[in-house]
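Novice: Turn this into a model:
(2 chains)
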Amino acid sequence: NAGVMQNPRHLVRRRGQEARLRCSPMKGHSHVYWYRQLPEEGLKFMVYLQKENIIDESGMPKERFSAEFPKEGPSILRIQQVVRGDSAAYFCASRGVSEQYFGPGTRLTVT
Amino acid sequence: GDSVTQMEGPVTLSEEAFLTINCTYTATGYPSLFWYVQYPGEGLQLLLKATKADDKGSNKGFEATYRKETTSFHLEKGSVQVSDSAVYFCALSVVTGTASKLTFGTGTRLQVTL
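Specialist: Numbering: from 1, shown residues only, chains lettered A, B, ... in the order given. Okay, here's the model as predicted:
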């Protein structure tokens, strides 16, 4: 049973470009969470989605960030016009009944 | 709001030493408590969990007991190995409606030497 998959694992973008991060949850899971880990810090909640719905986006920056989880396909975290402060590791987690299972993360570097 | 406080690292121990990593929390509801481990360059793996007061979570020789009276969930291991070197995160989750986001501490880096 495949785990949570994220791609790309590493992403380099120049300031002002767009970053798209993908997350495929575990088979049968319909809940996806996105977290951000800044260097030397813990993970911070960003957004919680179910298929086609955003349930809780209280941790998302108000501008430039958006997330979706379509009926078909992976969940996408999109960052427009990236800035150096967006450099971080972005983790997604999927949940079945109770526990969250984490993917390996996407490390975004903004140059 | 909900928060988790962990002891700062790094923690450096010799192999076979006893490990304690302190974790305390504040929560608006009745949380479930977790310890996650992150090896270099990898995502987080659930190490153990406890869902109610006095529960003890255990896995791979690690243990933690849910202490509601002291709002703590300290991680312990009797004899650490070099392979335990990693960053350990304490976390809580309070179910509100259908949401159950995790709130993490800042992590404690453990380095075990021969």
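Novice: Now residue 66. Nearest residue, chain neighbours left out?
Specialist: As the question left the chain open, I've gone with chain A. A:Arg78 (4.9 Å; Cβ to Cβ, 6 or more residues apart in numbering or on different chains). Quick note: C-beta positions are derived from backbone N, CA and C, even for glycine.
Novice: I was thinking of chain B, sorry if that wasn't clear
Specialist: Using Cβ to Cβ, 6+ apart, the nearest residue to B:Tyr66 is B:Ala50, at 4.0 Å.
Novice: wait, what's in contact with the one you found?
Specialist: B:32-33, B:56-57, B:64-66, B:73 (Cβ atoms under 8 Å, 6 or more residues apart in numbering or on different chains).
Novice: The residue nearest to A:Ser66: what's it in contact with?
Specialist: A:18-21, A:65-68.
Novice: got CSV for those, with secondary structure and neighbour count too?
Specialist: Converted to CSV, the contacts of A:Arg78 look like this (DSSP: H, G, I helix; E, B strand; the rest coil; neighbours: other Cβ atoms under 10 Å in any protein chain shown):
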residue, secondary structure, neighbour count
A:Glu18, coil, 11
A:Ala19, strand, 22
A:Arg20, strand, 14
A:Leu21, strand, 22
A:Phe65, strand, 19
A:Ser66, strand, 15
A:Ala67, strand, 21
A:Glu68, strand, 16
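Novice: Out of those residues, flag the one nearest to B:Pro40.
Specialist: A:Leu21 (20.7 Å; Cβ to Cβ).
Novice: how near is that closest one to B:Lys49?
Specialist: Distance from A:Leu21 to B:Lys49, counting by Cβ to Cβ, to the nearest Å: 27 Å.
Novice: B:Thr5 too?
Specialist: 18 Å.
Novice: Show me which of these two is the more surrounded one.
Specialist: Per other Cβ atoms under 10 Å in any protein chain shown, whichever of B:Thr5 and B:Lys49 has more neighbours is B:Lys49, with 20 against 15.
Novice: Assumed that one was part of a strand.
Specialist: Yes. B:Lys49: assigned to a strand according to DSSP: H, G, I helix; E, B strand; the rest coil.
Novice: separation between it and A:Val4?
Specialist: B:Lys49 is 18 Å from A:Val4, by Cβ to Cβ.
Novice: Repeat that for A:Ser58.
Specialist: Taking Cβ to Cβ, one finds A:Ser58 at 22 Å from A:Val4.
Novice: circling back to that earlier point, rebuild the contacts of A:Arg78 as TSV, extending it with distance to A:Cys92 and pLDDT.
Specialist: Output for the contacts of A:Arg78, formatted as TSV (distance: Cβ to Cβ, whole Å; pLDDT from 0 to 100):
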residue	distance to A:Cys92	pLDDT
A:Glu18	18	98
A:Ala19	14	98
A:Arg20	13	98
A:Leu21	8	98
A:Phe65	14	98
A:Ser66	14	97
A:Ala67	10	97
A:Glu68	12	96
